[in-house]
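Visitor: Structure of the sequence below:
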Amino acid sequence: MTTDHKKIGIGTSLVKKLTEIGIALSAEKNLSRLLEKIVEESRNFSNADAGTLYIMDDDEEKLEFAIVQNDTMNIRMGGKAAPITWSPVPLKKGGKPNFSNVSSYVAITGTIVNIPDVYEAEGFDFSGTRAFDGGTGYRSKSMLVIPMKNKDNETIGVLQLINALDTETRKPIPFAAEYVDLIASLASQAAVAITNVRLYRDLERLFESFIETIATAIDEKSPYTAGHIRRVQELTIAIAKKMNEQQEGPFKDFFLNDDELHELRL
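Guide: Below you'll find the model as predicted:
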C-alpha cells in the first residue's frame, strides 16, 4: 500500500514542507482566507479527503463551525464560501464537561484523538457523523482530531481531519501515527497565525476608531464644514470603485484591491 505519507518521506522534505506552510499561514492577514488555508494545507499535508475547523467562542462555552471541506462531496462551507448554519458544539452538558463529542473532548482535555474507524470507536457520540453519512452516502472512516493551541498553550480551536486516502486506491486508511506530531505542529502554527491575525484586526479597528474620532472632531468645529470629511470619503470611494469597473478608456488599467481601497478610505 502506497500513501502520500510514504511518498513525501519522513525527514527533511517533510520539515521543509511544514516550514513552507507555516510561512504561508503567517503571511495571511485576512481571517476568512486564513481559516480556509489552514484546513486546505492540513488536508494536503495529511492527504485527508475532508476537514473541519472549529473555533472556540469568546466565552469558551462552545466550539463554533468555522470551515467545512470535503473533496468527495464537493463541499466548501465557511470562510468565503457558503455560511455554516450547523449548531455549535457545547463544551458542557448538564453542567458537566461534554466528553461525548470528540471535538469538545479534544478542546477540553487538550489531547489528540486518532481513530482508525469512527464506526467502530467507543466512548464518543458519532450520531451526527452517521447522520451526515446517511444523508449523503459518504462513509466517514479514519479521523484525526487535534487541539489548536496558541503560544500561551491555550486551546483556541480544534482541527478535525477525516479519511486519510491511499494515493493508489483512493480508499480511506488510518492516519499514520508517525505523522500525528507533525500535523499537531501544523495545528499549533495555525493557532498562532489566527491569534496574530486577530491582534492585527483589533489594532486596525482601534486605529480606525481613532481616525473617525479625529474626523468627527474636525467636522464639528464649524457648522459650515459639518460632515465634510465623511462626504469626501464616501465620494472618493464611490469614484474609485467606478474607476475599478472601467474596461476601456483612460482608467481601463486602473485597479485598487480591497486593501488599497481601505487605505484610500482612511
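Visitor: Which strands or helices does the host helix or strand of residue 260 pack on?
Guide: For residue 260, the element it lies in under DSSP states H and E is helix 258-265. Packing partners of helix 258-265 (3 or more C-beta pairs under 8 Å, 6 or more residues apart in numbering; DSSP states H and E): helix 228-245. Bear in mind the C-beta positions are built from the backbone N, C-alpha and C, glycine included.
Visitor: How about the helix it packs on, which residues are buried there?
Guide: 229, 240 (16 or more other C-beta atoms under 10 Å).
Visitor: which residues make contact with that helix from outside it?
Guide: Applying C-beta atoms under 8 Å, 6 or more residues apart in numbering, the external contacts of helix 228-245 come out as 215, 218, 219, 251, 254, 255, 256, 261, 264, 265.
Visitor: which residues touch the first one?
Guide: Remark: with contacts taken as C-beta under 8 Å, 6+ apart, residue 215 is in contact with 229, 230, 233.
Visitor: mind checking how far the last one is from residue 112?
Guide: As for residue 233, its distance to residue 112 is 49 Å (criterion: C-beta to C-beta, to the nearest Å).
Visitor: got it, and residue 25?
Guide: From residue 25 across to residue 112, the span is 20 Å (C-beta to C-beta).
Visitor: between the two, which one's more packed in?
Guide: More neighbours surround residue 25 than the other of residue 25 and residue 112, with 21 against 16 (other C-beta atoms under 10 Å).
Visitor: which residues of the stretch 101-250 of the chain score low on pLDDT?
Guide: Applying pLDDT under 70 to the stretch 101-250 of the chain picks out residues 223, 225.
Visitor: any idea where the helices of it begin and end?
Guide: 102-109, 127-136, 180-219, 228-245 (DSSP state H, counting those that start in this stretch).
Visitor: Tabulate the CA atom coordinates of the shortest one in PDB.
Guide: Right, the one you point to is helix 102-109. Coordinates of each C-alpha in helix 102-109 appear next as PDB, following Å, rounded to 0.1, in the frame of the first residue of the first chain:
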ATOM      1  CA  VAL A 102     -14.900  14.100  20.100                       C
ATOM      2  CA  SER A 103     -14.300  17.800  19.200                       C
ATOM      3  CA  SER A 104     -15.300  19.100  22.600                       C
ATOM      4  CA  TYR A 105     -13.400  16.300  24.300                       C
ATOM      5  CA  VAL A 106     -10.200  17.400  22.500                       C
ATOM      6  CA  ALA A 107     -10.900  21.100  23.200                       C
ATOM      7  CA  ILE A 108     -11.400  20.400  27.000                       C
ATOM      8  CA  THR A 109      -8.600  17.900  27.500                       C
END
